[in-house]
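A.B. asks: Got a predicted model here, sequence first, then my questions.
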Amino acid sequence: MATLADVARRAGVSTATASRIINGSPKPVTEELRARVLAAVAELRYVPNAHAQMLARSNRNAVGVLVHDVSDPYFAEITRGLQQVATAGGRLTIICNTFREPARELEYIDLLHAHQVAAIVVAGSGYLSSDAEQELDARMTAFEATGGRIAVIGRHHHACDAVLPANEEGGYLAGSHLFELGHTSVGVIAGPAALTTTADRLAGLQRAATSHGRTLTVTHADFTRDGGEAAAAALLASDPTITAIAALNDSMAVGALAAMRTAGRFLSVIGFDDMPIARDVTPALTSIRLPLTDLGKRAMELALDPPPPNTAPRVEKIPAELIRRDSTWPVSQSR
């Protein structure tokens with residue numbers, strides 16, 4: 001494999017000059033020298049060292065993204081939007097799966113900091129624990145102090161540019177829809193209790209219940225299809241009066257539909273996020289739509305577009321929308 005020294009000898013220049021040209025240093029060189037070095041690179045099939053390129057350039061060309069789990073359809077859609085913007089800007093995107101472990105998030109932020117990424121987008125939910133959020137805030141602040149940019153999706157403690165999906169309002173829309181259909185006994189499959197996303201969506205449902213003079217039966221589960229199936233099975237077994245289930249994401253709602261088929265009981269079910277699968281299951285899933293790809297796009301745009309100096313962080317709220325399909329119906333038509 002050819003080395004930088006080999007390229008320099010072939011081009012008749014110093015290794016320092018060859019390095020500056022190959023790695024895109026802003027220090028000027030003549031076009032004649034540039035042509036000789038690049039010709040030598042092609043002839044020798046030299047592969048530059050990515051880390052050396054990053055150190056030589058005046059701008060950082062990579063961005064980091066923290067998600068809980070990119071295999072989750074929610075994060076897959078958000079990541080698609082993030083990468084579209086990053087790729088259009090010539091940026092390399094480094095995806096980090098934290099699996100909802102605060103300690104892992106801290107490790108990844110330190111690692112991305114060490115690699116001098118230009119920006120970090122935290123796409124995973126914030127935590128209700130003040131200890132976890134304070135540690136995360138400290139690491140983010142240290143990264144920003146070295147010129148890095150931070151943007152978040154969802155409610156986080158750190159003061160930075162943020163894109164806020166209307167989780168509380170979406171929960172209210174979901175609850176109001178079920179109560180207006182006449183359901184008086186509603187079970188809720190909530191996500192992990194430690195997450196701000198869970199708390200906000202659940203708060204919206206509770207607000208709807210209060211405004212309609214109703215109560216909710218709440219159980220927590222992982223934000224997964226299997227978590228939703230297990231939670232729905234427990235709800236069906238524990239309360240025969242339940243006529244509707246609100247799941248706080250679509251994957252759990254799909255699991256709830258499976259649990260109902262197994263139990264031979266068919267209740268109204270509403271999901272959240274309106275993933276593509278919501279249209280394909282039977283019955284087609286009523287859901288609260290969030291424009292997930294657009295969420296990702298906007299977060300990356302904020303991360304790569306610094307605001308004017310001494311201005312407050314930009315916070316953009318993204319509305320939610322009720323999408324009614326076949327999985328909810330009036331309680332008088334219970335099946």
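C.D. replies: The structure has been received and is ready for your questions.

A.B. asks: Where does the prediction get shaky in the chain?
C.D. replies: 24, 26, 49-59, 334-335 (pLDDT under 70).

A.B. asks: Distance check, the residue positioned nearest the centre of it against Ala114.
C.D. replies: By Cα atoms, centre = their mean, the mean C-alpha position of the chain lies nearest to Ala123, the distance being 3.2 Å. Ala123 sits 21 Å away from Ala114, going by Cβ to Cβ, to the nearest Å. C-beta here means a position set from N, CA and C on the backbone, and glycine is covered the same way.

A.B. asks: what sits against the residue nearest to the centre of the chain?
C.D. replies: Listed by Cβ atoms under 8 Å, 6 or more residues apart in numbering, the contact set of Ala123 reads Val65, Leu66, Val67, Phe75, Ile78, Thr79, Leu82, Val152, Ile153, Gly154, Gly296, Ala299.

A.B. asks: any idea whether the first one is helix, strand or coil?
C.D. replies: Classification of Val65 into helix, strand or coil gives strand, according to DSSP: H, G, I helix; E, B strand; the rest coil.

A.B. asks: Now go through the contacts of Ala123 and say which are in strands.
C.D. replies: Val65, Leu66, Val67, Val152, Ile153 (DSSP state E).

A.B. asks: Closest to Glu229 out of those residues?
C.D. replies: Val67 (23.2 Å; Cβ to Cβ).

A.B. asks: give me the beta-bridge partners of that closest one?
C.D. replies: When bridges are called by DSSP bridges, Val67 pairs up with Asn97.

A.B. asks: Can you give me every residue that contacts it?
C.D. replies: So Val67 contacts Phe75, Ile78, Thr79, Ile95, Cys96, Asn97, Thr98, Ala123, Gly124 (Cβ under 8 Å, 6+ apart).

A.B. asks: Among those residues, the buried ones, what's the ChimeraX command?
C.D. replies: The ChimeraX selection below is limited to those of the contacts of Val67 classed as buried (16 or more other Cβ atoms under 10 Å):
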select :75,78,79,96,97,98,123,124
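
A.B. asks: Find the nearest non-adjacent residue to Ser14, please.
C.D. replies: Ala8 (6.1 Å; Cβ to Cβ, 6 or more residues apart in numbering).

A.B. asks: element containing the one you found?
C.D. replies: With secondary structure defined by DSSP states H and E, Ala8 is part of helix 4-11.

A.B. asks: again, but for Ala237
C.D. replies: helix 225-238.

A.B. asks: Kindly export that helix (C-alpha atoms) in CSV.
C.D. replies: What follows is helix 225-238, C-alpha atoms only, in CSV (Å, rounded to 0.1, in the frame of the first residue of the first chain):
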residue,chain,number,x,y,z
ARG,A,225,-44.2,-4.5,19.4
ASP,A,226,-43.5,-7.2,21.9
GLY,A,227,-43.8,-4.8,24.8
GLY,A,228,-47.1,-3.6,23.5
GLU,A,229,-48.4,-7.2,23.1
ALA,A,230,-47.5,-8.1,26.6
ALA,A,231,-48.9,-4.9,28.1
ALA,A,232,-52.2,-5.3,26.2
ALA,A,233,-52.5,-8.9,27.2
ALA,A,234,-52.2,-7.8,30.9
LEU,A,235,-54.7,-5.1,30.5
LEU,A,236,-57.3,-7.4,28.9
ALA,A,237,-56.8,-10.0,31.6
SER,A,238,-57.0,-7.5,34.5
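
A.B. asks: Could I get the buried residue list for it?
C.D. replies: So helix 225-238, judged by 16+ other Cβ under 10 Å, has buried residues Arg225, Gly227, Gly228, Glu229, Ala230, Ala231, Ala232, Ala233, Leu235, Leu236.

A.B. asks: Redo these as TSV? Include distance to Val41.
C.D. replies: Converted to TSV, these look like this (distance: Cβ to Cβ, whole Å):
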residue	distance to Val41
Arg225	50
Gly227	52
Gly228	54
Glu229	56
Ala230	57
Ala231	58
Ala232	60
Ala233	62
Leu235	64
Leu236	66
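
A.B. asks: Out of the residues you listed, which is nearest to Phe143?
C.D. replies: Gly227 (32.5 Å).

A.B. asks: Excluding chain neighbours, what is closest to that closest one?
C.D. replies: Ala221 (3.6 Å).

A.B. asks: same deal with Phe179?
C.D. replies: His212 is the one closest to Phe179 (Cβ to Cβ, 6+ apart), at 4.1 Å.

A.B. asks: and if you look at Val41?
C.D. replies: Val7 (5.8 Å).

A.B. asks: Verify the stated contact: the one you found with Arg45.
C.D. replies: No - at 10.3 Å, Val7 and Arg45 do not qualify as touching, with contact defined as Cβ atoms under 8 Å.

A.B. asks: Comparing the two, which shows the higher neighbour count?
C.D. replies: A count of neighbours by other Cβ atoms under 10 Å puts Val7 above the other of Val7 and Arg45, at 26 against 8.

A.B. asks: Kindly provide the distance from the more buried one to Leu267.
C.D. replies: For Val7 relative to Leu267 (Cβ to Cβ), the value is 69 Å.

A.B. asks: quick one, what contacts Glu301?
C.D. replies: Glu301 neighbours (Cβ under 8 Å, 6+ apart): Val85.

A.B. asks: ok, now Val163?
C.D. replies: Ala151, Val152, Ile153, Gly154, Leu295, Arg298, Ala299, Leu302, Glu316, Ile318.
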